[in-house]
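Asker: below: sequence and its predicted model.
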Amino acid sequence: MLIKSPLKKEKVKQNKRRSSSKSNKRSTIKGAARSNGNHYGTRKKNQDQDSGFSLPKLKPWKVIVGALIVGALGIVYLNHVFATQQLLQEVRQLEREYNQVKRMHEDYRLTYDRMIGPAEIYENAKEAGFINGGPAEKVIEVEK
């Protein structure tokens, strides 16, 4: 008794080799060796054997566009750096001008304070004929 097990087509791999009887029939036709998939004498390219590190293949136009973008970003960065340096010079110039005006203001204030100070007022009062009243601790009595 012969028992056959049912084959599951999903898990069964196809036979990659062709039978010799089919290839002999097709070999008589002109150019049949190319059409039936026979590549005897040539190596098959297997991507699994390439275990070393390799860079991704880039197309030339992508490299050119990338270089242009990097160049444009570099130019923008350099313009930013030069603008920042120029702004720093302007800030330093304004700071110098501010310090100069501040010193002038302090000189004028000192002169003004000397003009309205107590020593100057007493001197002007003596010239006008006023008499120094002495210390302010004297008690003034007023009669009614």
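Answerer: Perfect, thanks for sending it. Residues are numbered from 1 along each chain as shown.

Asker: tell me the secondary structure at residue 139.
Answerer: For residue 139, the assignment made with DSSP: H, G, I helix; E, B strand; the rest coil gives coil.

Asker: okay, now residue 56: neighbour count?
Answerer: 4 (other C-beta atoms under 10 Å). Where C-beta positions appear, they are placed from N, C-alpha and C, glycine not excepted.

Asker: any idea how far it lies from residue 109?
Answerer: 73 Å (C-beta to C-beta, to the nearest Å).

Asker: one more: residue 66?
Answerer: Residue 66 is 63 Å from residue 109, by C-beta to C-beta.

Asker: mind checking the SS state of residue 61?
Answerer: helix.

Asker: what pLDDT does it get?
Answerer: Reported pLDDT at residue 61 in the predicted model: 93.

Asker: could you do residue 32 as well?
Answerer: Taking residue 32 on its own, its pLDDT is 48.

Asker: name the helix or strand of the chain that has the lowest mean pLDDT.
Answerer: helix 32-35 (a mean of 50; mean pLDDT, DSSP states H and E).

Asker: how many other residues sit next to residue 118?
Answerer: Residue 118: 7 neighbours (other C-beta under 10 Å).

Asker: then residue 105?
Answerer: 10.

Asker: confidence score at residue 73?
Answerer: pLDDT at residue 73 comes out at 98.

Asker: for residue 87, what are phi and psi?
Answerer: As for residue 87, its main-chain torsions (degrees, to the nearest 10) stand at phi -60, psi -40.
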